[in-house]
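Enquirer: below is the sequence, then the predicted model.
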Amino acid sequence: MTTFHEMGISEPIQRAITDMGFEEASPIQEKAIPVALTGKDIIGQAQTGTGKTAAFAIPILEKVDTSKKYVQAIAIAPTRELAIQVSEEINRLSKYMGITSLPIYGGQSIDRQIKALKKGPHIITGTPGRLLDHIQRKTLKLNHISVVVLDEADEMLDMGFVEDIERILKETPEEKQTLLFSATMPKPIQNLAERFMHDPELVKMKAKEVTSPTVKQIYYEVKERDKFEVLCRLLDVDNPELAVIFGRTKRRVDELSDALNKRGYLADGLHGDLNQRQRDIVMNKFREGNTDILVATDVAARGIDVSGVTHVYNFDIPQDPESYVHRIGRTGRAGKTGLAITFVTPRETGQIHSIERASKGKIQRKSIPTIAEAMESIQRAALEKMIQLVEGEEHIQFKQAAIELLDQYDSVALVSVALKLLSKEQKGIPVQLTSETPQHAKPKKRIQEKSKRNYKGNERKGGNGKSKSTSRSSRKKKS
Ligand SMILES: Nc1ncnc2c1ncn2[C@@H]1O[C@H](COP(=O)(O)OP(=O)(O)OP(=O)(O)O)[C@@H](O)[C@H]1O
Ligand SMILES: [Mg+2]
């Protein structure tokens with residue numbers, strides 16, 4: 001293991017890194033940063049949650065000339081949330097440098113962005129659509145760019161984004177460094193990527209599995225109509241600190257988060273049909289731990305880094321192995337452990353096996369916990385809650401009432417009632433979810449499959465559950 005000091009990283013960045021709590025460079029940082037510092041183009045591939053952001057951000061920061069008030073680097077990301085997150089990480093790393101990074105993404109006031117751009121930020125992170133918008137308005141000039149990063153490069157160069165990326169790259173000088181990072185890099189996309197690059201070096205971690213080894217992977221065979229009850233049972237048994245639940249469509253996400261709230265879980269939905277304000281509120285609440293469960297489409301599958309996510313549930317099986325790898329990578333980050341659970345309908349068993357083969361990890365089949373096991377977990381949680389409350393101060397005001405009750409009733413009965421009141425209602429309000437068409441057998445080629453995708457990772461709106469967008473025009477992604 002190497003320290004950032006040993007890597008010759010400049011002092012202000014080292015100080016910021018220490019503030020962020022990083023003690024040594026992660027393997028991808030150790031390998032990629034020295035190569036990037038030589039100015040070479042890089043295709044960097046390492047498992048989810050292993051610090052790829054800093055692996056490209058640090059070399060950018062070493063290159064930026066703070067005396068010049070124009071944009072010198074851009075990092076392009078597939079979603080708004082990721083563009084914001086990358087910008088924040090760059091700002092944290094550069095806090096002792098006087099470098100400014102600005103996120104530019106759709107759904108935010110363009111006038112406000114124009115004003116911010118006029119202030120001369122050094123680094124822009126953005127989503128393709130909005131970046132192009134500013135390029136066309138001439139409010140963003142890329143003629144002094146010396147580094148371009150494509151975060152989630154395979155997604156960025158996939159069908160939905162590739163034209164936008166080509167158009168953005170055309171605006172940048174020929175002489176520049178291009179850095180591509182992702183946890184997944186299918187060969188055809190890598191070949192495509194190399195067309196945009198000058199003699200790139202492939203910096204790849206030698207790993208047996210594509211998925212993070214700190215994530216335990218299991219699946220349950222569940223009938224479509226039983227999924228919700230099984231989910232609730234698992235949430236009771238697992239009692240996750242923070243969880244992300246992935247659903248196939250926007251409708252699914254809305255229905256699922258409503259249903260979970262009805263059953264007493266703290267859940268919020270995130271998908272591309274929400275306005276930006278709603279998206280920001282949902283993400284912030286989840287980051288701050290004010291909601292326990294984020295229900296999302298694949299819009300949250302890539303890059304999103306929320307520490308403390310202990311569980312990922314694929315309520316609907318992901319469409320392809322890459323989506324699986326990124327979704328489950330929302331847990332088990334920065335060396336922490338995590339659990340990834342996938343629901344597989346009987347017709348989808350072939351699909352889970354092909355995902356397992358492609359991701360080279362072990363996905364263990366388990367049987368659904370019984371109602372008695374769920375009950376036991378609920379009781380344990382209530383007990384823990386009671387102990388926590390007893391050890392606190394807030395119950396003092398109930399002391400007199402408690403003495404009077406104890407005079408009249410049996411103490412065991414009273415404690416049992418208190419425990420029941422602290423328990424989550426297990427049975428409850430009936431809920432109904434519109435059923436979704438199960439995934440069919442694996443398509444031959446991933447890229448062909450992806451060409452069927454709608455905007456933002458298969459975010460179909462729902463409807464009769466059978467809709468499949470196949471037209472070229474509907475593939476175009478917004479940002
Ligand atoms: N050297 C380090 N030491 C400790 N923590 C680190 C280090 N580098 C990065 N981290 C932290 O690890 C977490 C994951 O980093 P990051 O989001 O960059 O992962 P990633 O490889 O880009 O993952 P993904 O493939 O999901 O996008 C972040 O919270 C980050 O702050
Ligand atoms: Mg990342």
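Expert: Here it is on my side, so go on. Ligands and ions are numbered 1, 2, ... in the order given.

Enquirer: could you list the low-pLDDT ranges of the stretch 251-400 of the chain?
Expert: Residue ranges of the stretch 251-400 of the chain with pLDDT under 70: none are present.

Enquirer: how about the helices of it, start to end?
Expert: 276-287, 321-328, 349-359, 371-390, 399-408 (DSSP state H, counting those that start in this stretch).

Enquirer: for the stretch 101-250 of the chain, same thing?
Expert: Counting by DSSP H, counting those that start in this stretch, the helices of the stretch 101-250 of the chain are 110-118, 128-137, 153-156, 162-170, 187-194, 227-238, 250-262.

Enquirer: deepest-packed of those, please.
Expert: By mean neighbour count, with neighbours taken as mean count of other Cβ atoms under 10 Å, helix 153-156 ranks first of those at a mean of 27. Where C-beta positions appear, they are placed from N, C-alpha and C, glycine not excepted.

Enquirer: just the CA atoms of it, as CSV, please.
Expert: The C-alpha coordinates for helix 153-156 follow below in CSV (Å, rounded to 0.1, in the frame of the first residue of the first chain):
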residue,chain,number,x,y,z
ALA,A,153,-17.5,5.5,-19.4
ASP,A,154,-19.2,2.4,-20.8
GLU,A,155,-22.6,3.9,-20.0
MET,A,156,-21.6,7.2,-21.5
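
Enquirer: which helices and strands sit right next to that helix?
Expert: Helix 153-156 sits against strand 177-182, helix 187-194, with contacts defined as 3 or more Cβ pairs under 8 Å, 6 or more residues apart in numbering; DSSP states H and E.

Enquirer: contacts for stretch 388-395?
Expert: Counting by Cβ atoms under 8 Å, 6 or more residues apart in numbering, stretch 388-395 has no neighbours from elsewhere in the structure.

Enquirer: what's the most buried one of the helices of the stretch 251-400 of the chain?
Expert: helix 321-328 (a mean of 27).

Enquirer: tell me the contacts of the residue nearest to Pro240 when sequence neighbours are not counted?
Expert: Closest residue to Pro240 apart from its sequence neighbours, by Cβ to Cβ, 6 or more residues apart in numbering: His311 at 3.9 Å. Residues in contact with His311 (Cβ under 8 Å, 6+ apart) are 238, 240, 242-244, 331, 338-341.

Enquirer: identify the residue nearest whichever residue of the stretch 151-300 of the chain sits closest to ligand 1 in space, chain neighbours excluded?
Expert: Ligand 1 sits closest to Ala183 of the stretch 151-300 of the chain, with a gap of 4.0 Å, by Cβ to the nearest ligand atom. In this structure, Ala183 finds its nearest non-sequential neighbour in Thr48, 4.6 Å apart by Cβ to Cβ, 6+ apart.

Enquirer: against Leu117, how distant is that neighbour?
Expert: Distance, Thr48 to Leu117, using Cβ to Cβ, to the nearest Å: 32 Å.

Enquirer: now the residue nearest to Pro240: how far from Gly272?
Expert: For His311, the distance to Gly272 - Cβ to Cβ - is 23 Å.

Enquirer: repeat for Ser359
Expert: 25 Å.

Enquirer: next one: Asp158
Expert: For Asp158 relative to Gly272 (Cβ to Cβ), the value is 16 Å.

Enquirer: need the helices of the stretch 101-250 of the chain in CSV (columns: distance to Gln408).
Expert: Rendered in CSV, the data for the helices of the stretch 101-250 of the chain read as follows (distance: least, Cβ to Cβ, whole Å):
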stretch, distance to Gln408
helix 110-118, 64
helix 128-137, 67
helix 153-156, 65
helix 162-170, 72
helix 187-194, 72
helix 227-238, 33
helix 250-262, 36
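
Enquirer: which of those helices sits closest to Ile28?
Expert: helix 153-156 (13.6 Å; Cβ to Cβ).

Enquirer: ok, and what's touching that closest one?
Expert: 43, 76-78, 128, 150, 161-162, 165, 180-182, 184-186, 189-190, 193, 302, 322, 457.

Enquirer: that helix near ligand 1 anywhere?
Expert: No - judged by Cβ under 6 Å from any ligand atom, helix 153-156 stays clear of ligand 1, getting no closer than 10.4 Å.

Enquirer: how far off centre is that helix?
Expert: 15 Å (Cα atoms, centre = their mean, to the nearest Å).

Enquirer: per-residue confidence averaged over it?
Expert: For helix 153-156, mean pLDDT is 96.

Enquirer: buried ones among the contacts of His311?
Expert: Among the contacts of His311, those scoring as buried are 238, 240, 242-244, 331, 338-341 (criterion: 16 or more other Cβ atoms under 10 Å).

Enquirer: rebuild these as CSV, extending it with distance to ligand 1.
Expert: Shown next, in CSV, are the buried ones among the contacts of His311 (distance: Cβ to the nearest ligand atom, whole Å):
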residue, distance to ligand 1
Asp238, 22
Pro240, 18
Leu242, 14
Ala243, 16
Val244, 12
Thr331, 10
Gly338, 12
Leu339, 17
Ala340, 13
Ile341, 18
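
Enquirer: which one of these is nearest Lys52?
Expert: Nearest to Lys52 among those, with distances taken as Cβ to Cβ, is Thr331, at 16.6 Å.

Enquirer: wait, the closest one sits on Val312?
Expert: Yes - between Thr331 and Val312 there is a contact under Cβ atoms under 8 Å: 4.9 Å.

Enquirer: wait, does stretch 39-51 make contact with ligand 1?
Expert: Yes - Stretch 39-51 reaches ligand 1 (Cβ under 6 Å from any ligand atom) through 46, 48-51.

Enquirer: how far does that stretch sit from the chain's center?
Expert: 17 Å.

Enquirer: okay, now the domains of this protein?
Expert: Using automatic domain parsing, the domain ranges for the chain come out as 11-205, 211-434.

Enquirer: of those, which is nearest Thr2?
Expert: Taking these one by one with Cβ to Cβ, domain 11-205 is closest: 5.0 Å.

Enquirer: that closest one: end-to-end distance?
Expert: 27 Å (Cα to Cα, to the nearest Å).

Enquirer: again with stretch 59-69
Expert: End-to-end distance (Cα to Cα), stretch 59-69: 19 Å.

Enquirer: buried set for it?
Expert: Result for stretch 59-69 [16+ other Cβ under 10 Å]: buried residues 59-61, 63-64.

Enquirer: for these, give me TSV that also has secondary structure.
Expert: Shown next, in TSV, are the buried residues of stretch 59-69 (DSSP: H, G, I helix; E, B strand; the rest coil):
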residue	secondary structure
Pro59	helix
Ile60	helix
Leu61	helix
Lys63	helix
Val64	coil
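
Enquirer: many thanks, I have nothing further to ask.
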